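Undergrad: Provided below are the primary sequence and the corresponding predicted coordinates.
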Amino acid sequence: MATAVIATTKLRIVFQVGMDDDGKPLLKAKTFSNIQKSATPDQLLQAAQAYVDLSNDTLSNIERVDNSDLLA
């Protein structure tokens, strides 16, 4: 049976920066690499909120991106 081991973790913060001509939201993202794999959701939210507070854009989404290695 295969197992997955988290190799890297990133924090991605997505902002809505406006609307396009069709009325769809325009998004831009800021990604932070080298996040500790053991970071809890509360810790990631706290870090993201500190960054969002410094931004003038509207928050759209906060994402945790884990990349895993599959082992046989």
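TA: Structure's in. What do you need?
Undergrad: when you work out contacts or count neighbours from here on, use the C-alpha atoms and nothing else.
TA: Noted.
Undergrad: any idea of the pLDDT on the most centrally placed residue in the chain?
TA: Centrality entry for the chain: nearest residue to the mean C-alpha point is Arg12, 2.0 Å, by Cα atoms, centre = their mean. With respect to pLDDT, Arg12 scores 98.
Undergrad: try Arg64
TA: Value for Arg64, per-residue pLDDT: 97.
Undergrad: repeat for Ala72
TA: Per-residue confidence (pLDDT) for Ala72: 88.
Undergrad: now the longest strand along the chain: buried residues?
TA: Across the chain, the longest stretch assigned as strand under DSSP state E is strand 3-19. By neighbour count on 16 or more other Cα atoms under 10 Å, the buried set for strand 3-19 is Thr9, Lys10, Leu11, Arg12, Ile13, Val14, Phe15, Val17.
Undergrad: give the bridge partners for the fifth one, please.
TA: In this structure, Ile13 has beta-bridge partners Lys30, Ile62, where bridges are defined by DSSP bridges.
Undergrad: residues in contact with it?
TA: Ala29, Lys30, Thr31, Ala48, Leu59, Ser60, Asn61, Ile62, Glu63 (Cα atoms under 8 Å, 6 or more residues apart in numbering).
Undergrad: which of those residues lies closest to Asp21?
TA: For these, the residue nearest Asp21 by Cα to Cα is Ser60; the value is 19.0 Å.
Undergrad: check which helix or strand the closest one maps to.
TA: Under the criterion of DSSP states H and E, Ser60 resides in strand 58-71.
Undergrad: cool, Gly23 as well?
TA: Going by DSSP H and E, Gly23 is not in any helix or strand.
Undergrad: can you get me a residue count around it?
TA: 8 (other Cα atoms under 10 Å).
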